[in-house]
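[1] Pasted the sequence and its predicted model underneath.
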Amino acid sequence: MRPQLLDPLFASVTTLPGVGPKLAALIAKLLGKEEADDCRVVDLVFHAPSSIIDRRNQPGIALAPQGVVVTITARVDRHQPPPRGKSNVPYRVFLHDDTGELSLVFFKGNAQWLEKALPLDETVVVSGKVDWFNGRPSMVHPDYIVREAAAEEMPLVEPIYPLTAGLSLKVLRRAVSEAVARVPETPEWIDGEYARRQGFPDLRQAFLDLHSPRDGADLDPQAPHRRRLAYDEFLAGQLSLSLVRQRLRRVPGVPVKPTGRITDAILAALPFRPTGSQTRAVEDILKDMASEQRMLRLLQGDVGSGKTLVALLSMAAAVEAGGQAVLMAPTEILARQHHATISKMAAPADLRVEVLTGRTKGKEREAILERIASGEAQIIIGTHALFQDQVSYRNLLMAVVDEQHRFGVHQRLRLTSKGISPHMLVMTATPIPRTLVLAAFGDMDVSKLTEKPAGRKPIQTITVPSERTGEIIDRLRAALAEGKKAYWICPLVEESDVVELMSAEERFAVLQSELHAPIGLVHGRMTGPEKDAVMQAFKAGETRLLVATTVVEVGVDVPDATIMVIEHAERFGLAQLHQLRGRVGRGDEASTCILLYKGPLGETGKARLSILRDTEDGFLIAEEDLKLRGEGELLGTRQSGTPGFRIASLEAHADLLEVARKDAAYVIEKDPELLSPRGESLRTLLYLHRRDEAIRFLRAG
Ligand SMILES: Nc1ncnc2c1ncn2[C@@H]1O[C@H](COP(=O)(O)OP(=O)(O)OP(=O)(O)O)[C@@H](O)[C@H]1O
């Protein structure tokens, strides 16, 4: 049960004064919530200001700098309403102080209101930006107009928040301050001594400080209130990961004793030799699986490093030991593709490989479910359909989750909630820096595929301004004539997938008329079978150019494709570009990646594309991406349940992450069910941070 003291924070934002459904929808949009209904007061509380407006600059009128917010105390001399019938002329009010004269400018000014707010001969305080024109200063629509006697009412420093179209700062600020007023006094979960040494304020004070910065220093990530909130955020994350992990580990694993029969047959039939990294990763995995403790291992491998083989060999070991294994992919396309490649590799060993996704229906589905229940199906590949209630396994020993950052811990937990406790291998494609692994996955054992298969040639990456698209099309025509295969990736359109689709279809039509060659088009709006057919035709070489939206971003494997064109490369994240580029250079032919960009690019834009041009090392790219974009983007938190951070920054607060990790481990060891007084208060922390996965566990616990 959620502690009662948090109730006010978990009410809908519409319970805040002045927040109706329309504003709630804007706030939901701002906070990246899909449903306005899901927008709670607590979410606003975590919406941190990004800068401040400082009104403490109080020069005389003549000394007010151009374009800067200032506060001016002056006497009202005269009003100058617009002439009758000329509503496009502004209403002006003239003031003076010892140094000069200032005109206040109001478009469509309400005379009655202005006469009241700015009575003749009164001294008033006005605050806003001053513009100089022809040697005369003016202030258009001042932010504040108050009488001198009431000057205190005007805040001298105000927070500025990130906004969204249609939402004004004033309205948002009011909603946030109402939200913050609801933050209750909470029992302290931070160790008292540590909090004192760090100078942490208590939770309520920390939020008050966060939203009422007094100067620039208060926006610094190292300000005590920000550090406290960052620590909290890390602690909640680490606790939640530890709880999940503990829960997964508590069920002992079944030691798997492979015979080598199947794996040897697979290896003998491979057209290549596994790399040293692949062999080492398989060894690590088999060692884990042989022990009584359940395996929980992360397999990290850069694009094209050969994770699929490692997954297959591990699953085969589970089958040798008389069990079943599953591989769960994040998308239908990937599940089908894994099924195709794995079936092929597994054929010489007579493995029974099945595929089960949301698309498997009717009789076929029943038959597969039966084969899964009887144990006839040995390796089952699919999407999250693999863990739906109707699916029951005879003896599931091993689960591989091809995570690609799209699942998060929720799905992993589902497995255990079904009462099965297979060994678990989580695969991630984008190489992520250690701190991020820690933050997103907790202390998992990690295997890395550090080398690429032998014979790979470097991908030549070039950046080309979009004005030269015609040239690129000419080159493409020549390459296709030589029998090469290419991808053309259409621009990412964040706001609208309809626009994205339109631009892909347009590009498809242009390329078709320019190239006179059979071309495939694949996009997210197609049905599964349609996508499959297009992919299949491309794989088989019936089409040699594939125009695609980013659906091909992860995992697609067509080794003889050697050219990749990415349109509007400047709109993509670095990690995403790296993933996309990884679709070529998967065979032993030399490959090219052309990044078309629409200029002019800013400094960061240039830096980003040149990083990609200069290196193919996914880890390096990820580190740079982290520096340039921030961790939320890198983890792709927008599409997934992977924990992103609202206040904490991995760069600024790496020290706190380390402490939080240790603290979480200590707490869980001493008080695994969070029942002690401190445990109780930590539950409050978990609720506050909406760590549902861990909370569900506690309730069940
Ligand atoms: N040791 C090896 N030697 C040569 N080729 C290999 C080796 N291991 C895998 N491959 C081939 O390399 C290609 C990429 O492998 P795989 O699809 O497993 O990569 P991945 O790690 O899943 O990458 P991504 O995340 O980009 O999908 C495949 O065509 C695969 O058959």
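    Received the coordinates, thanks. Numbering: from 1, shown residues only.

[2] thinking H79 is in contact with V93, fair?
    Yes. Taking contacts as C-beta atoms under 8 Å, H79 lies within contact range of V93: 5.3 Å. Every residue, glycine included, has its C-beta placed from N, CA and C.

[3] When the two are compared, which one has more neighbours?
    More crowded of H79 and V93, by other C-beta atoms under 10 Å: V93, with 26 against 17.

[4] So for the residue in the stretch 1-150 of the chain that the ligand sits nearest to, what's the pLDDT?
    When distances are taken as C-beta to the nearest ligand atom, the stretch 1-150 of the chain reaches nearest to the ligand at G32, 26.3 Å away. Looking at G32, its pLDDT is 78.

[5] For it, grab the count of nearby residues.
    By other C-beta under 10 Å, 12 other residues sit near G32.

[6] got it, and L298?
    21.

[7] picking that back up, overlap in contacts, H79 and V93.
    Overlap of the contact sets of H79 and V93 (by C-beta atoms under 8 Å, 6 or more residues apart in numbering) consists of 114, 118.

[8] what residue of the chain is the furthest out?
    Of all residues in the chain, D121 has its C-alpha farthest from the mean position, at 56.4 Å, by C-alpha atoms, centre = their mean.

[9] neighbours of F133, just the number please.
    9.

[10] Quick check: bridge partners of it?
    When assigned by DSSP bridges, F133 has beta-bridge partners R136.

[11] tell me which element E505 is part of?
    Element membership for E505 (DSSP states H and E) is helix 497-515.

[12] residues in contact with that helix?
    By C-beta under 8 Å, 6+ apart, the residues outside helix 497-515 that reach it are 473, 476-477, 480, 488, 490-493, 519, 521, 523-525, 545, 547-549, 567.

[13] try 7 Å
    473, 476-477, 480, 488, 490-493, 519, 521, 523-525, 545, 547, 549 (C-beta atoms under 7 Å, 6 or more residues apart in numbering).

[14] hmm, back to that, need the phi and psi values for the residue of the stretch 1-150 of the chain closest to the ligand.
    The phi/psi pair for G32 (degrees, to the nearest 10) reads phi 70, psi 30.

[15] likewise S12?
    Torsion angles, degrees, to the nearest 10, at S12: phi -60, psi 150.

[16] Compute the distance between it and S177, please.
    According to C-beta to C-beta, to the nearest Å, S12 and S177 sit 18 Å apart.

[17] next one: P258
    P258 is 62 Å from S177, by C-beta to C-beta.

[18] Just want to know which of the two has more residues nearby.
    Using other C-beta under 10 Å, the more surrounded residue of P258 and S177 is P258, with 18 against 15.

[19] Would you confirm that that one belongs to a helix?
    No. P258 is assigned coil when assessed by DSSP: H, G, I helix; E, B strand; the rest coil, not a helix.

[20] So for it, what pLDDT did the model give?
    Predicted confidence (pLDDT) for P258: 87.

[21] The one 10 residues further on now?
    Per-residue pLDDT puts A268 at 95.

[22] What is the burial count for it?
    Using other C-beta under 10 Å, A268 has 9 neighbouring residues.

[23] Give me the nearest residue to it, chain neighbours excluded.
    P348 (7.2 Å; C-beta to C-beta, 6 or more residues apart in numbering).

[24] Quick check: the gap between S291 and G253.
    7 Å.

[25] before we move on, back to that, narrow the contacts of helix 497-515 to those in helices?
    Among these, the subset assigned to helices under DSSP state H consists of 473, 476-477, 480.

[26] Which pair of the residues you listed spans the longest distance?
    I473 and L480 (10.4 Å; C-beta to C-beta).

[27] Comparing these two, which residue is more hemmed in?
    Neighbour tally, I473 and L480, criterion other C-beta under 10 Å: the higher count belongs to L480, 19 against 15.

[28] Just confirm that one contacts G541, I think it does.
    No. Counting by C-beta atoms under 7 Å, L480 stays clear of G541, with 11.2 Å between them.

[29] Residue ranges in the stretch 601-701 of the chain under the pLDDT threshold?
    626-644, 693, 699-701 (pLDDT under 70).

[30] Let me know how buried G276 is, in neighbour terms.
    When neighbours are counted by other C-beta under 10 Å, G276 registers 11.

[31] buried sites along the helix or strand hosting T461?
    T461 belongs to strand 459-465 when assigned by DSSP H and E. Buried residues in strand 459-465, counted by 16 or more other C-beta atoms under 10 Å: 459, 461, 463.

[32] How about stretch 524-536?
    For stretch 524-536, by 16+ other C-beta under 10 Å, it's 526, 531-532, 534-535.
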